[in-house]
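J.: sequence-free structure coming up:
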């Protein structure tokens, strides 16, 4: 165990803004210096990365990032752990449970057992016919998956957002009213140590009074944030961003930014926009179908960070450069 602790301490030693990167799963794959994003007058260094064989970018989706390791999911069902800094890669064994329903997934570190975990889950039915949640859980040191059944039913989809050794999703109910109208929403967490789902404190009561068509979640500077896509028929604000300044405290939800709808009109192909991070300067970095932009709330302007010649929605995730290896056998050598 001490070798694992020593490995992690050495691997992440010196991690700061200089080692923080933004990974863009465009075609090709790009890495962008976080520090350069902060300085509007600085040249934004964009580095092209290459996935090691047999990984192919257009078959991959990002599961999560933790301590320099990035978890990837191939559309055929395989999972990989990859360190972009060292290029070390590990293909995980075949998953024990793969949901046919819309699935959710996540990746993180459990310090109580000093191990990395990957989860993939979906909805299933118990013997009594009640809906439950089933997950497959992989631990790196065991090198194997195990299935956890009959967990509390949660209706989740997509990538879990990692903070405080827990994964977070927004679960919401919606109804078609000539448009998608979100009726209710809550944050669901999966504790990596306890391996159970819980409902976090409710979102701000302000959200219940808004007409919005979608809500998503992310992290920035060790805080959770949510962002709402408002319906254009009811608001001239396109996106509203809230930050939970004190983790787990409902009263700490603070609305920080409203992005006007009119600002999006000059941009081409603004569909399925993803908010990536909120910079220390207050700018908001987001990906959309034609590239990467940063919004300056003080000047109410966008600046282009990366333009894509291919019309697609790039996935993006923050990561740090470390020497953490996905190969457990190498930890004892550090």
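T.: That came in fine, so what should we check first? This is a predicted model, so every value here is computed, not measured.

J.: ok, and the closest non-adjacent residue to residue 48?
T.: Nearest residue to residue 48 in three dimensions, chain neighbours excluded: residue 28, at 5.2 Å (CB to CB, 6 or more residues apart in numbering). (C-beta placed from N, C-alpha, C; glycine too.)

J.: Next, count neighbours for the one you found.
T.: Using other CB atoms under 10 Å, residue 28 has 11 other residues around it.

J.: just the one 5 residues further on next, same as before
T.: When neighbours are counted by other CB under 10 Å, residue 33 registers 20.

J.: Quick check: phi and psi at it.
T.: Backbone torsions of residue 33, given as degrees, to the nearest 10, read phi -70, psi 130.

J.: Show me what it is bridged to.
T.: Listed by DSSP bridges, the beta-bridge partners for residue 33 are residue 21.

J.: is it true that it touches residue 45?
T.: Yes - Residue 33 sits in contact with residue 45 when judged by CB atoms under 8 Å, with a separation of 4.8 Å.

J.: any idea how far the residue nearest to residue 48 lies from residue 80?
T.: As judged by CB to CB, to the nearest Å, residue 28 and residue 80 stand 18 Å apart.

J.: Look up which helix or strand the most far-flung residue of the chain relative to its centre falls in, please.
T.: In the chain, the greatest distance from the average C-alpha position (CA atoms, centre = their mean) is reached by residue 128, at 34.3 Å. Using DSSP states H and E, residue 128 sits within no helix or strand.

J.: Report the contact partners of residue 227.
T.: 215-216, 218, 239-242, 275 (CB atoms under 8 Å, 6 or more residues apart in numbering).

J.: Then residue 111?
T.: By CB under 8 Å, 6+ apart, the contact set of residue 111 is 165, 193.

J.: Please enumerate the strands of the stretch 51-200 of the chain.
T.: Ranges of strands in the stretch 51-200 of the chain, per DSSP state E, counting those that start in this stretch, are 60-66, 69-74, 79-82, 89-91, 104-110, 115-125, 131-139, 144-151, 158-159, 161-163, 166-176, 180-191, 196-199.

J.: List just the one of the ones you listed that sits closest to residue 298.
T.: strand 161-163 (26.5 Å; CB to CB).

J.: Neighbouring strands of the closest one in the sheet, and parallel or not?
T.: Strand 161-163 is paired, per DSSP bridges, with strand 166-176 (antiparallel).

J.: Name the surrounding residues that touch the partner strand.
T.: Under the contact criterion CB under 8 Å, 6+ apart, strand 166-176 has outside partners 64, 104, 106, 108, 119, 154-158, 160-162, 180-192, 200, 213, 215-217, 219, 224, 226.

J.: Buried ones only from the residues you listed, please, as a ChimeraX command.
T.: To isolate the buried subset of these in ChimeraX, counting by 16 or more other CB atoms under 10 Å, use the following:
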select :64,104,106,108,119,154,156,158,160,161,162,182,185,187,188,189,190,192,200,215,216,217,219,224,226
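
J.: Now do residue 97 against residue 71, distance only.
T.: For residue 97, the distance to residue 71 equals 17 Å [CB to CB].

J.: The two - which one has more neighbours?
T.: Using other CB under 10 Å, the more surrounded residue of residue 97 and residue 71 is residue 71, with 27 against 18.

J.: That one contacts residue 117, doesn't it?
T.: No - look at residue 71 against residue 117 with CB under 8 Å: they stay out of range, at 9.8 Å.

J.: overlap in contacts of those two?
T.: Residues touching both residue 71 and residue 117 (CB under 8 Å, 6+ apart): residue 107.

J.: Which residue, other than its chain neighbours, is closest to residue 125?
T.: Leaving aside its sequence neighbours, residue 125 sits nearest to residue 131 (CB to CB, 6+ apart; 6.1 Å).

J.: ugh, wrong one, I meant residue 164
T.: Nearest to residue 164 is residue 247, by CB to CB, 6+ apart, at 6.3 Å.

J.: Where does the one you found sit: helix, strand or coil?
T.: The three-state label given to residue 247 by DSSP: H, G, I helix; E, B strand; the rest coil is coil.

J.: what's near enough to touch residue 300?
T.: 260, 263.

J.: Apply 7 Å and report the result again.
T.: Residues in contact with residue 300 (CB atoms under 7 Å, 6 or more residues apart in numbering) are residue 263.

J.: Counting neighbours, what do you get for residue 67?
T.: Using other CB under 10 Å, residue 67 is surrounded by 16 other residues.

J.: and what of residue 298?
T.: Residue 298 sits with 8 neighbouring residues when counted by other CB under 10 Å.

J.: mind checking how far the residue nearest to it when sequence neighbours are not counted is from residue 294?
T.: Setting aside the residues directly before and after it, residue 298 is nearest to residue 282 in space (CB to CB, 6+ apart), at 6.8 Å. Noted for residue 282: a distance of 10 Å to residue 294, by CB to CB.

J.: Before I go, just wanted to say thanks for your time.
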